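**Student:** return a 3D structure for these sequence lines:
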Amino acid sequence: MDNRSKGSWGEERAARYLRLRAYRILEKNYRCRLGEIDLIARRGGYLVFVEVKLRRDARFAEAREFVNRAKQERILMTAQLWLQEHKTELQPRFDVIEIYAPDGENGRVEIRHIENAFC
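**Tutor:** Presented below is the predicted three-dimensional model:
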């Protein structure tokens, strides 16, 4: 499986995880000239911009550590553009979903959801 397929698989797992927790997925893979947001979801009074990180394990570093300051800034700018295109009264929030799949897509999967991971 190539990296793009792995990424899509991880994003679909994250979307399923969120749906099971009463989130409504509004958009997947929103792209613009500034960057990309993996998932945009709604729950309660929040509009949640989600970065999904898929890793085999956390031996080298936890997946959230790969959402560095530069990546956060790209996500923030991309979210601002999305908000200009989609007027809303919802409170924006930025989450990270870590997915650990040591045996690939056919094995055990651990999902960690970090709400309000950065602002």
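
**Student:** if I've got this straight, residue 89 is in a strand?
**Tutor:** No - using DSSP: H, G, I helix; E, B strand; the rest coil, the secondary structure at residue 89 is coil, not a strand.

**Student:** tell me how far the spatially most central residue of the chain lies from residue 108.
**Tutor:** Closest to where the C-alpha atoms of the chain average out (C-alpha atoms, centre = their mean) is residue 51, at 2.4 Å. Look at residue 51 and residue 108: by C-beta to C-beta, to the nearest Å, they are 23 Å apart. Using the backbone N, CA and C atoms, a C-beta is placed for each residue, glycine as well.

**Student:** what does residue 89 give?
**Tutor:** 40 Å.

**Student:** okay, the least confident helix or strand in the chain by mean pLDDT in CSV with CA atoms only?
**Tutor:** Least confident element among the helices and strands of the chain, by mean pLDDT, DSSP states H and E: helix 3-20 (a mean of 87). Presented in CSV, the C-alpha positions along helix 3-20 are these (Å, rounded to 0.1, in the frame of the first residue of the first chain):
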residue,chain,number,x,y,z
ASN,A,3,1.5,6.4,1.3
ARG,A,4,-1.5,8.1,-0.3
SER,A,5,-3.6,4.9,0.2
LYS,A,6,-2.4,4.6,3.8
GLY,A,7,-3.3,8.3,4.4
SER,A,8,-6.8,7.7,3.0
TRP,A,9,-7.3,4.6,5.1
GLY,A,10,-6.2,6.5,8.2
GLU,A,11,-8.5,9.4,7.4
GLU,A,12,-11.4,7.1,6.9
ARG,A,13,-10.8,5.4,10.2
ALA,A,14,-10.6,8.8,11.9
ALA,A,15,-13.9,9.9,10.2
ARG,A,16,-15.6,6.6,11.4
TYR,A,17,-14.3,7.2,14.9
LEU,A,18,-15.7,10.8,15.0
ARG,A,19,-19.1,9.7,13.6
LEU,A,20,-19.4,7.1,16.4
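
**Student:** break down this protein into its strands, ranges please.
**Tutor:** 24-32, 35-43, 46-55, 91-100, 110-118 (DSSP state E).

**Student:** so which of the ones you listed is nearest residue 85?
**Tutor:** strand 24-32 (8.8 Å; C-beta to C-beta).
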